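*Asks:* okay, here's the prediction I keep looking at, along with the sequence it came from:
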Amino acid sequence: MKVSADFSKNNLDCLRLILASIVALFHLCILSGTPVFYALGDHLSPHFAIRGFFVISGLLIYRSYTRSSSIKSYFEKRFRRIYPAYFTIIVAAAITLCLLSTLPASLYFGFGFWKYLGANLLFLNFLAPSLPGVFTLNSMPAVNGALWTLKIEVAFYLFVPVMHYLCSRLGVKRVIATTFFLSCVWKFGFAFLGSINHASAIYSIDSSRNFYSQLGSQFPGQLVYFCSGILLFLYLDKLKLHFQSIFFVTAVLFIVGYYFKTENLDVLWIPGVVFVFGFWRYLGNFAKYGDFSYGVYIVHFPIVQTLIACGLLKVNPVLFFATSVLAIAIGSFLMWHLIESRFLSTQSHYRQIIASSSS
């Protein structure tokens, strides 16, 4: 299972920042509830961005596991990469947003506060998406509606050692093909149920989704994208011999899916986008500046919600948009330099790049 694929030059850091920015801009448009931003929001696909993240996760996380000296080392690297920044944004939001609550401090720091803190620190955001009296006048009261994907990422982390073990015992193709098939059954099965039933969603920023659509988008259903990323990793050297063919097939599948208004084909063309953009033409050492994609993803939602609650949107929508983008950029920059980079494993390629740049 050790693979000799050349990862020395890729554009995955740049791609992740683009995907995170798509999600941030989409939420900015939707949360504002302002028609002037809808045109922009209509041309942004958070589904593509999130599923692209999952493909990249499959590629990089599986590679991280095969390069780890032990399971302990693997989980330590995953914890260091994701949890310090996640912990920071959850705790910082819970404490500072008391200033925007309609409730007095004595009621704010009660059961609702501790429920939010406990549920979100365990990645169970759906159990307590809101803080007491916060954002009650916004279009939706959720503090950070983008964090629902993090529990899926954690599930991926836990699943990788299991998949690796099964691959070593039963064969790579058999295990990945079976996992891919069962994930498709889950994903498209619940999508079908969602099309014929209309059970209310428990919590979703997307009003078009119902309960069954929510289930279809959870961990088992997202494994199709994660497995696609694993396949990109395992067969990267062979795939590099067919860039033009893969680009053509990817473009055709995207056009067909766009023309017929179906997302079913994205299981095939999103991995193609990740592969072609990530490895065809090297755009430069983007990682030397840092990895701001995770910061953009986890800080943008509460920043936008806060600016809306403070009334900036009503004062001037253009100023609100520009301030939101600037605040998200500053927040992600600070998150990387003050939190994320300080907790990276010594084996992280970001540390190696920083060390080589400073020497």
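*Replies:* That came through, no problem.
*Asks:* for the rest of this, base every contact and every neighbour count on C-alpha atoms.
*Replies:* Fine.
*Asks:* right, and Pro132 touches Leu103 too?
*Replies:* Yes. Counting by CA atoms under 8 Å, Pro132 does reach Leu103; the two are 7.1 Å apart.
*Asks:* ok, these two, which is more surrounded?
*Replies:* The residue with more neighbours, out of Pro132 and Leu103, is Pro132; 23 against 14, by other CA atoms under 10 Å.
*Asks:* for that one, give its distance to Phe320.
*Replies:* 25 Å (CA to CA, to the nearest Å).
*Asks:* could you look up the SS state of Met140?
*Replies:* Following DSSP: H, G, I helix; E, B strand; the rest coil, Met140 is assigned to coil.
*Asks:* lowest average confidence, helix or strand, in the protein?
*Replies:* Least confident helix or strand of the chain, by mean pLDDT, DSSP states H and E, is helix 349-358 with a mean of 64.
*Asks:* for the protein, which spans come out with low pLDDT?
*Replies:* Within the chain, the stretches with pLDDT under 70 are 1-6, 198-209, 347, 351-359.
*Asks:* ranges for the strands of the stretch 251-359 of the chain?
*Replies:* In the stretch 251-359 of the chain, no strands are defined using DSSP state E, counting those that start in this stretch.
*Asks:* residues contacting Asn125?
*Replies:* The contact partners of Asn125, taken as CA atoms under 8 Å, 6 or more residues apart in numbering, are 116, 119, 147-148.
*Asks:* between those residues, which has the most around it?
*Replies:* Those, ranked by neighbours (other CA under 10 Å): first place Tyr116, 23 neighbours.
*Asks:* give the contact list for that residue.
*Replies:* Contacts of Tyr116 (CA under 8 Å, 6+ apart): 94, 125, 127-131.
*Asks:* now, of the residues you listed, which are buried?
*Replies:* 94, 125, 128-131 (16 or more other CA atoms under 10 Å).
*Asks:* widest-spaced pair of the residues you listed?
*Replies:* Largest separation among the buried ones among the contacts of Tyr116 by CA to CA: Ala94 and Asn125, giving 12.9 Å.
*Asks:* show me what the strand or helix carrying Phe247 is packed against.
*Replies:* Using DSSP states H and E, Phe247 maps to helix 243-259. Secondary-structure packing of helix 243-259 (3 or more CA pairs under 8 Å, 6 or more residues apart in numbering; DSSP states H and E): helix 266-279.
*Asks:* output the helix it packs on as CSV, nothing but the C-alphas.
*Replies:* Extracted C-alpha coordinates of helix 266-279, given in CSV (Å, rounded to 0.1, in the frame of the first residue of the first chain):
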residue,chain,number,x,y,z
ASP,A,266,-20.5,15.0,-10.0
VAL,A,267,-19.3,11.8,-8.4
LEU,A,268,-17.3,11.4,-11.6
TRP,A,269,-16.3,14.9,-12.7
ILE,A,270,-15.4,16.5,-9.3
PRO,A,271,-12.5,14.0,-8.9
GLY,A,272,-11.5,14.9,-12.5
VAL,A,273,-11.4,18.6,-11.6
VAL,A,274,-9.3,18.0,-8.5
PHE,A,275,-6.8,15.8,-10.5
VAL,A,276,-6.5,18.2,-13.5
PHE,A,277,-6.3,21.4,-11.5
GLY,A,278,-4.1,19.8,-8.8
PHE,A,279,-1.4,18.1,-11.0
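*Asks:* any idea how far the most far-flung residue of the chain relative to its centre lies from Ile22?
*Replies:* For the chain, the C-alpha farthest from the mean C-alpha position belongs to Ser106; by CA atoms, centre = their mean, that distance is 35.2 Å. From Ser106 across to Ile22, the span is 39 Å (CA to CA).
*Asks:* how about Phe180?
*Replies:* Phe180 is 27 Å from Ile22, by CA to CA.
*Asks:* still on that earlier bit, dump the contacts of Asn125 into JSON lines; add secondary structure and distance to Tyr165 as well.
*Replies:* Formatted as JSON lines, these follow (DSSP: H, G, I helix; E, B strand; the rest coil; distance: CA to CA, whole Å):
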{"residue": "Tyr116", "secondary structure": "helix", "distance to Tyr165": "36"}
{"residue": "Ala119", "secondary structure": "helix", "distance to Tyr165": "31"}
{"residue": "Leu147", "secondary structure": "helix", "distance to Tyr165": "29"}
{"residue": "Trp148", "secondary structure": "helix", "distance to Tyr165": "28"}
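*Asks:* out of the residues you listed, which is nearest to Met335?
*Replies:* For these, the nearest to Met335 is Leu147 (15.9 Å; CA to CA).
*Asks:* so that closest one is in contact with His300, correct?
*Replies:* No. The criterion here is CA under 8 Å, and Leu147 misses it with His300 at 10.6 Å.
*Asks:* ok, the contacts of Asn125 vs Tyr86, which is closest?
*Replies:* Tyr86 has its nearest neighbour among those in Leu147, at 9.1 Å by CA to CA.
*Asks:* how close does that closest one sit to Tyr297?
*Replies:* For Leu147 relative to Tyr297 (CA to CA), the value is 8 Å.
*Asks:* just Ile90 next, same as before
*Replies:* 13 Å.
*Asks:* what's the answer for Leu268, then?
*Replies:* 24 Å.
*Asks:* go on, Leu231?
*Replies:* From Leu231 to Tyr297 the distance is 25 Å (CA to CA).
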